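Participant: Got a predicted model here, sequence first, then my questions.
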Amino acid sequence: QVQLVESRGGLVQAGGSLRLSCVASGITFSINAMGWYRQAPGKQRELVATIDRGGMTNFVDSVKGRFTISRDNAKNTVSLQMNSLKPEDTAVYYCYLQRNYPRDDYWGQGTQVTVSS
C-alpha cells in the first residue's frame, strides 16, 4: 500500500520561509513524477511544483523564483523549499506521486501552510 507522509506545515509571516518534505512508502519502483499541489479555501486544487525522476521540474507561474523542489530517488522523498512567502500562498499543501506501471496517482493527507501579512 502506497502512503505519502508529509511534514507539518505551519504559520509564517509574509516574506518568510518554510520547507515541506514528503516520504513515500510501499513503493520501490516505477515512480515517475513527485511534487506538490495546494488548495486554498474556495478554490480548486492547483499544481505548485513537480519533479520527474530525471530531475526536470515544473512550477506554477506564481511561485517561480521563490520555490524550489528537490527529490531523493533512493529515499523516495520530495521536498519543497518555499521562500519569500506571500499571504496568497496560504493553502493546504498536498504531496503527490505518479506511478507509471500500473498508472496511478497518490496523495498525501495534506498539511496547512498559513502566511500572515
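Facilitator: In hand now; what should we look at? Residues are numbered from 1 along each chain as shown.

Participant: residues touching the closest residue to Gly26 other than its chain neighbours, list them.
Facilitator: Computed as Cβ to Cβ, 6 or more residues apart in numbering, the closest residue to Gly26 that is not its neighbour in sequence is Val2, at 4.4 Å. No exception for glycine: its C-beta is placed from N, CA and C like everyone else's. Neighbouring residues of Val2 by Cβ atoms under 8 Å, 6 or more residues apart in numbering: 24-27, 97, 99, 106.

Participant: cool, Ser84 as well?
Facilitator: Taking Cβ under 8 Å, 6+ apart as the test, what Ser84 contacts is 15, 17, 66.

Participant: cool, Trp107 as well?
Facilitator: By Cβ under 8 Å, 6+ apart, the residues touching Trp107 are 4, 37, 94-97.

Participant: quick one: the strands in the chain?
Facilitator: Here the chain has its strands, by DSSP state E, at 3-6, 10-13, 18-25, 31-39, 46-51, 57-59, 67-72, 77-82, 91-99, 104-107, 111-116.

Participant: how about CSV for these, with mean pLDDT added?
Facilitator: Shown next, in CSV, are the strands of the chain (pLDDT from 0 to 100):
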stretch, mean pLDDT
strand 3-6, 96
strand 10-13, 98
strand 18-25, 97
strand 31-39, 95
strand 46-51, 98
strand 57-59, 98
strand 67-72, 97
strand 77-82, 97
strand 91-99, 97
strand 104-107, 95
strand 111-116, 98
